[in-house]
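Colleague: Structure here, sequence nowhere to be found:
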């Protein structure tokens, strides 16, 4: 019913812009033409256009961020977030991610899928993967990240195997295979998304699964688009979102790499109701670029995060975390994180895209 309502209202609004020749071909379909919809500054490191491919409909930065800019900007943003968010909120985020990991693992269990070797790209705090181990205590988890502090914390707190690298470059992983690969809020950051998905497919065991979350690209880029359309000035980009996915375009990319959907939907439609993706109010504009210095941010804040530590036993000391009575833990986690409304990602409505895909053995034989 909701899908019919949004479709009848012609949501979301279409992007307007000029057709240009890209500086770099599309990282998904290699098309050289695109619709320019905005300009943005990634810290003081790079100036880029934001373009929508006229073939696959996915939106990317052009030119794409360099590895050096990405490494510096990511670290500056990581430090900024660690210090911006209060200790209470950070602790709350840890237990919320743990509960989400529990729910996700239980979903796999209901599908009769019991992963033993798990790889997570961009693990953040590591509590999502730790929640998976609540359901699958024998599973072994390996994490990959570009930020040393993230790897250190995952190894020390959760005893995960930690590898420094990126989803596009998996040389350090070698020829290992995994039953499950996770990339929650990661694929929007990846400069060569086609290479990443190809790597995921190669790293998965036969009938292995790939789980990801990523922002709905239309709503995620909307503020940048409005800033350029209304003021003709570049927006500020501090977090390295370099891909803004179209629901159908992303699905096509997965299928091209032998990954077929088990669950694929958009959720959190309250963001749409509040105006993301269609409202032109000034409150929806992304902040105008100030070309903030990433290196200055690092120099000022690098030594301030060493004292930010949380005891895992304290974080998980909740009345509902019951290893002997897991149904209590599952029921409470479901109550906190169950989504009622789910829409087709091809509508490009809602805040997040949820994907659970399986490596198709039958597809590989074709």
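Modeller: Nice, I can see it. What you are looking at is a predicted structure, and each value in this text was computed from that prediction instead of being measured.

Colleague: CA only for contacts and neighbour counts going forward, please
Modeller: OK.

Colleague: List the buried residues in whichever helix in the chain runs longest.
Modeller: Assignment by DSSP state H gives helix 87-110 as the longest helix of the chain. Residues of helix 87-110 classed as buried by neighbour count (16 or more other Cα atoms under 10 Å): 90-91, 94-106, 108.

Colleague: Give the other helices and strands that the longest strand seen in the chain contacts.
Modeller: Ordering each strand of the chain by length in residues (DSSP state E) puts strand 204-215 first. Using 3 or more Cα pairs under 8 Å, 6 or more residues apart in numbering; DSSP states H and E, the elements in contact with strand 204-215 are strand 178-184, strand 352-359.

Colleague: Show me where this structure has its helices.
Modeller: Remark: helices assigned in the chain by DSSP H are 2-8, 67-84, 87-110, 127-135, 148-158, 193-203, 217-231, 247-256, 270-273, 294-301, 312-315, 326-337, 361-365.

Colleague: can you tell which of those is closest to residue 15?
Modeller: Shortest distance between residue 15 and the helices of the chain, using Cα to Cα, is found for helix 217-231: 7.8 Å.

Colleague: check contacts around residue 77.
Modeller: 238, 239 (Cα atoms under 8 Å, 6 or more residues apart in numbering).

Colleague: Any figure for the gap between it and residue 106?
Modeller: As judged by Cα to Cα, to the nearest Å, residue 77 and residue 106 stand 33 Å apart.

Colleague: cool, and residue 288?
Modeller: 43 Å.

Colleague: try residue 206
Modeller: From residue 206 to residue 106 the distance is 21 Å (Cα to Cα).

Colleague: do residue 57 as well
Modeller: Following Cα to Cα, the distance that separates residue 57 from residue 106 is 34 Å.

Colleague: what's the answer for residue 21, then?
Modeller: 47 Å.

Colleague: Over to residue 248?
Modeller: 28 Å.

Colleague: for residue 158, same thing?
Modeller: Taking Cα to Cα, one finds residue 158 at 20 Å from residue 106.

Colleague: For this protein, name the helix or strand with the lowest mean pLDDT.
Modeller: helix 361-365 (a mean of 51; mean pLDDT, DSSP states H and E).

Colleague: For residue 176, which non-adjacent residue is spatially closest?
Modeller: residue 203 (6.8 Å; Cα to Cα, 6 or more residues apart in numbering).

Colleague: residues contacting the one you found?
Modeller: Taking Cα under 8 Å, 6+ apart as the test, what residue 203 contacts is 175, 176, 177, 178.

Colleague: one more time with 7 Å
Modeller: 176, 177, 178 (Cα atoms under 7 Å, 6 or more residues apart in numbering).

Colleague: Mind checking which of these are buried?
Modeller: Looks like these have 177, 178 buried, using 16+ other Cα under 10 Å.

Colleague: Of the helices and strands packed on strand 204-215, which is nearest residue 321?
Modeller: When the helices and strands packed on strand 204-215 are compared by Cα to Cα, strand 178-184 sits nearest residue 321, at 23.1 Å.

Colleague: Check the spacing between the closest residue in space to residue 320 that isn't next to it in sequence and residue 133 real quick.
Modeller: Spatial nearest neighbour of residue 320, excluding adjacent residues (Cα to Cα, 6+ apart): residue 329 at 5.1 Å. Using Cα to Cα, residue 329 is found at 13 Å from residue 133.

Colleague: follow-up on the earlier one: which pLDDT value belongs to the residue nearest to residue 176?
Modeller: We have a pLDDT of 97 for residue 203.

Colleague: Equivalent analysis for residue 282, please.
Modeller: Residue 282 is given a pLDDT of 89.

Colleague: Check the gap between it and residue 237 for me.
Modeller: For residue 282, the distance to residue 237 - Cα to Cα - is 18 Å.

Colleague: what about those two, which has more around it?
Modeller: Remark: of residue 282 and residue 237, residue 237 carries more neighbours, 26 against 11, as counted by other Cα atoms under 10 Å.
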